[in-house]
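**Student:** Based on what follows, work out the 3D shape:
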Amino acid sequence: MSFFDSLNVCAFMLANQNIISDLKQASKCISA
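**Tutor:** Now for the predicted structure:
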């Protein structure tokens, strides 16, 4: 996955209402 694709995925997740799930996924994006 490209860097920009990762940003898009993170942005989509942050826009979600599932806060706990978002935080888990965001941490994966940041560490990836």
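
**Student:** Would you mark the buried spots in stretch 24-32?
**Tutor:** 25, 29 (16 or more other C-beta atoms under 10 Å). C-betas here are computed from N, CA, C, even on glycine.

**Student:** mind checking how far that stretch is from the chain centre?
**Tutor:** In terms of C-alpha atoms, centre = their mean, to the nearest Å, the centre of stretch 24-32 is set 6 Å apart from its chain centre.

**Student:** Please work out which residues outside that stretch touch it.
**Tutor:** 1, 6, 9-10, 13-14 (C-beta atoms under 8 Å, 6 or more residues apart in numbering).

**Student:** Tabulate these in a markdown table, adding columns for pLDDT.
**Tutor:** Putting the contacts of stretch 24-32 into a markdown table (pLDDT from 0 to 100) gives the following:
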| residue | pLDDT |
| --- | --- |
| Met1 | 64 |
| Ser6 | 81 |
| Val9 | 81 |
| Cys10 | 75 |
| Met13 | 71 |
| Leu14 | 72 |
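
**Student:** how far away is the nearest residue to Ser6 once chain neighbours are set aside from Ala15?
**Tutor:** Counting by C-beta to C-beta, 6 or more residues apart in numbering, Ser6 lies nearest to Cys29, which is 5.5 Å off, once chain neighbours are set aside. Look at Cys29 and Ala15: by C-beta to C-beta, to the nearest Å, they are 13 Å apart.

**Student:** shared neighbours of the two, anything?
**Tutor:** Between them, Cys29 and Ala15 share no contacting residue, judged by C-beta under 8 Å, 6+ apart.

**Student:** So Ser27, which state does it fall into?
**Tutor:** helix (DSSP: H, G, I helix; E, B strand; the rest coil).

**Student:** Off-centre distance for stretch 21-32?
**Tutor:** Per C-alpha atoms, centre = their mean, the centroid offset for stretch 21-32 relative to its chain is 5 Å.

**Student:** Find the nearest non-adjacent residue to the residue nearest the centre of the chain, please.
**Tutor:** For the chain, the residue nearest the mean C-alpha position is Cys10 (2.5 Å; C-alpha atoms, centre = their mean). Spatial nearest neighbour of Cys10, chain neighbours left out: Cys29 (4.1 Å); criterion: C-beta to C-beta, 6+ apart.
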